[in-house]
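A.B. asks: Got a predicted structure plus its sequence, pasted below:
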Amino acid sequence: MHAPSAAGRPAGDIVGVSAATVRLRAHIEKVAPFSSNVLITGPSGTGKELVARRLHARSPRADRPFVPLDCASITGELMASQLFGHVAGAFTGAHCDALGCFRAANHGTLFLDEIGELEYPLQAKLLRVLQERVVTPVGSHRGEPIDVRVVAATNRDLREEVAAGRFREDLYYRLHVVHLQTAPLRQRAEDIPLIAEAFLVELAAEGLPKRSLSAAALAELSEYAWPGNVRELRNVLEQAVIRSDASVLRAEDVAALLQPDAAEASGAAASGDQACATRPRVHSPADQGSPGPEPLWASLAAVEREHLLRTLAHTFYNRSAAARLLGITRQALLRKMQRHRIDVPSEQMR
């Protein structure tokens, strides 16, 4: 969906010709001039932050700050400080005043990514700020008026989170004034050539070798299911550019970097057999490394463990990147790795 285009689009533009992308761009243009809060939903890796940045760029606040904050990255008191700021002495280690993201984004846009991961007690404090348009730093009793447009994003269904008691209903309605939806890449395959071309231009601008794609390579990319969406596409292209010595990337250059199960899923889904499309073919962990017949059916735990291992290997054991591909938080991935007793090879520790 994003990256600069060789056709003269600005860096970070939303690239694509599919109906979903055209509709999204039109919706952004319609709501950008207003200060209403926006909730962006969609699968992980579909460019939700890019949508937020375009909203900001097309709004009257474009020359004011755009401040992004990942709500899954920090918890507790530190997250409160990140959001609202603090005064010196507010807690251990608070040696000086801190502005906080709300005040840093004053008269601009605050982008709250992964809003569904925000801890429940902090949701009440966020709601109060949105209602009163006043922020009180941690450790202070003096509120400061703010003028901030809040754009939040999540890959979760917040209505389900509300029903489960994990997300405040009143906060949901405060955020869900304008709703924008990003589509998975597999539903807009006609966008892939433009996005791929744009990424190759971006990678060359970052100092990597200049490459182009053969028609066969483009066909290979267009037939793949892209479980990691646009983020995975960029990852695959960057790996292909680094590995290949040719100026034109061939089909085999990219095919070697695609997840086999996802490619099979794409073909099966096209024929309407979605149930079979999403069924991975795996071995039980107990049988790994030992000869013998393949079990007739793997357990759910075995499927999950195998998929975690494949994803970690695909990202060279970069846990943050693996978590993004899987559509979960890094903390959730670490818990799953601990539960399945998955260790990171010493040479991949990072």
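C.D. replies: Nice, I can see it.
A.B. asks: Just the helices from the stretch 151-300 of the chain, written as ranges.
C.D. replies: 158-163, 169-175, 192-205, 215-222, 229-243, 251-255, 260-270, 274-277, 300-314 (DSSP state H, counting those that start in this stretch).
A.B. asks: Could you work out which of the ones you listed reaches nearest to T136?
C.D. replies: Within the helices of the stretch 151-300 of the chain, the stretch nearest T136 is helix 169-175; the backing value is 17.4 Å (Cβ to Cβ). For glycine as for every other residue, the C-beta is placed from the backbone atoms N, C-alpha and C.
A.B. asks: got the CA positions of that closest one in CSV?
C.D. replies: C-alpha atoms of helix 169-175 as CSV (Å, rounded to 0.1, in the frame of the first residue of the first chain):
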residue,chain,number,x,y,z
GLU,A,169,-17.0,0.8,25.8
ASP,A,170,-17.0,4.5,26.4
LEU,A,171,-13.4,4.8,25.2
TYR,A,172,-14.3,2.8,22.1
TYR,A,173,-17.1,5.3,21.1
ARG,A,174,-14.8,8.2,21.8
LEU,A,175,-12.2,6.9,19.4
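A.B. asks: Contacts only, for W226.
C.D. replies: P184, L185, R186, E232, L233, A262 (Cβ atoms under 8 Å, 6 or more residues apart in numbering).
A.B. asks: Would you reformat those as TSV and include distance to L218?
C.D. replies: Formatted as TSV, these follow (distance: Cβ to Cβ, whole Å):
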residue	distance to L218
P184	19
L185	14
R186	16
E232	16
L233	12
A262	17
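A.B. asks: Of the residues you listed, just say which sits nearest to E197.
C.D. replies: L233 (11.4 Å).
A.B. asks: didn't that closest one look like it was pressed against E220?
C.D. replies: No. Using Cβ atoms under 8 Å, L233 and E220 do not qualify as a contacting pair, with a distance of 11.8 Å.
A.B. asks: which residues touch stretch 143-152?
C.D. replies: For stretch 143-152, the surrounding residues in contact (Cβ under 8 Å, 6+ apart) are 35-40, 52, 55-56, 59, 61, 102-103, 105-113, 115, 129-130, 132-137, 175.
A.B. asks: hmm, try it at 6 Å
C.D. replies: By Cβ atoms under 6 Å, 6 or more residues apart in numbering, the residues outside stretch 143-152 that reach it are 35, 37-39, 52, 102, 105-107, 109-112, 115, 133-136, 175.
A.B. asks: can you pull the buried residues of it?
C.D. replies: I146, V148, R149, V150, V151, A152 (16 or more other Cβ atoms under 10 Å).
A.B. asks: Then stretch 68-81?
C.D. replies: For stretch 68-81, by 16+ other Cβ under 10 Å, it's P68, L69, D70, C71, A72, S73, E77, M79, A80, S81.
A.B. asks: would you put the C-alpha positions of it in CSV?
C.D. replies: Extracted in CSV, the C-alpha atoms of stretch 68-81 (Å, rounded to 0.1, in the frame of the first residue of the first chain):
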residue,chain,number,x,y,z
PRO,A,68,3.4,8.2,17.1
LEU,A,69,3.2,6.0,20.2
ASP,A,70,3.1,2.2,20.3
CYS,A,71,0.7,1.3,23.1
ALA,A,72,2.1,-2.3,23.3
SER,A,73,5.7,-1.2,23.9
ILE,A,74,5.5,0.1,27.4
THR,A,75,3.2,-0.7,30.4
GLY,A,76,2.2,0.8,33.7
GLU,A,77,3.5,4.0,35.1
LEU,A,78,6.0,4.5,32.2
MET,A,79,3.2,4.4,29.7
ALA,A,80,1.2,7.0,31.7
SER,A,81,4.4,9.1,31.6
